[in-house]
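[1] I'll drop the sequence and a predicted model, then ask my questions.
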Amino acid sequence: MIHIKSEKEIQLMREAADILKKVLKEVEKHIKPGVTTNYLNDIAERVIKENGAKPSFYGEPCPYPGGKDYKHALCLSVNDEIIHGIPSDRVLNEGDIVCVDLGVYKNGFHSDAGRTFGVGKISKEAQDLINVAKEAFFEGINYAKEGCRVGDISNAIENYVYSKGYTLLEEYQGHGIGREMHEDPGIPNIGKKGTGPRLQNNMAIAVEPMVCLGSNDVYVKKDKWTIATVDGKITSYYENTLVITENGPEILTLD
């Protein structure tokens, strides 16, 4: 069921999103060679707590048999890991790229966003990949307006990414968001124009292109969370929470 938000509910989502933006900015400052992903997660937890909020990802059930509920504020996925990477003692090295995925819960509502950052000096190949994921998001949300369909967003993302010579994850997608982190409708990154639920004003969704340098074949690591590419090639990810409005999409998690 798709939940259309009231103006009051959207304002509460803005407040959660404002905290999320603060957290992302603080985490970005500390992404450099020699730091661990645990260290970045600790920063996120501190800033979230200081702002009277909670990490949305706490307690998320593992989607795979034998896995444990999630116990961290961030998902931190490095290089060939594209989503759901668990913070650890892994040290970031010069030239790595790291996908940072964050959810913040405040006043009964969630916000969700993700970015891919370079660690120190990165290759042109890596920077181009990061750019395409971000650009694909904006191509997609050209259709984030009343009367369009979810498939219009999906198709725009797909066409853009493949035109640049990259691939997209097909098994994972964006989503509706509000009182729950994951609500209807699903927002795939691959789709056909004119298909899927019709978009309405005051719908809140998270759009998140997940782009692979090589093949989009992926596997689940032993931790039962981290998704990585089979060919070991790098990946990039970009996500924002937005609301459909009469004046086009309002991106809550972007300054």
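    That came in fine, so what should we check first?

[2] end-to-end on stretch 247-255?
    17 Å (C-alpha to C-alpha, to the nearest Å).

[3] roughly how far out does that stretch sit from the chain middle?
    Here the centre of stretch 247-255 is set off from its chain's centre by 15 Å, with C-alpha atoms, centre = their mean, to the nearest Å.

[4] buried residues in it?
    249, 250, 251, 252, 253 (16 or more other C-beta atoms under 10 Å). Yep, even glycine has a C-beta here, placed from its N, CA and C like the rest.

[5] Likewise for stretch 109-123?
    Residues 109, 110, 111, 112, 113, 114, 115, 116, 117, 118, 119, 122 are the ones in stretch 109-123 that count as buried (16+ other C-beta under 10 Å).

[6] where does residue 114 land in three-state SS?
    Here residue 114 is recorded as strand under DSSP: H, G, I helix; E, B strand; the rest coil.

[7] quick one on the thing from earlier: make JSON lines out of the buried residues of stretch 109-123 and add distance to residue 206.
    What follows is the buried residues of stretch 109-123, written out as JSON lines (distance: C-beta to C-beta, whole Å):
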{"residue": "109", "distance to residue 206": "13"}
{"residue": "110", "distance to residue 206": "9"}
{"residue": "111", "distance to residue 206": "9"}
{"residue": "112", "distance to residue 206": "5"}
{"residue": "113", "distance to residue 206": "8"}
{"residue": "114", "distance to residue 206": "9"}
{"residue": "115", "distance to residue 206": "13"}
{"residue": "116", "distance to residue 206": "16"}
{"residue": "117", "distance to residue 206": "19"}
{"residue": "118", "distance to residue 206": "23"}
{"residue": "119", "distance to residue 206": "25"}
{"residue": "122", "distance to residue 206": "26"}
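
[8] Closest one of those to residue 69?
    residue 110 (16.7 Å; C-beta to C-beta).

[9] Check the offset of the helix or strand containing the closest one from the chain's centre.
    Assigned by DSSP states H and E, residue 110 belongs to strand 109-118. Relative to the centre of its chain, strand 109-118 is centred 5 Å away, using C-alpha atoms, centre = their mean.

[10] cool, stretch 235-255 as well?
    That offset, for stretch 235-255, works out to 11 Å (C-alpha atoms, centre = their mean).

[11] Same check on stretch 99-113?
    That offset, for stretch 99-113, works out to 10 Å (C-alpha atoms, centre = their mean).
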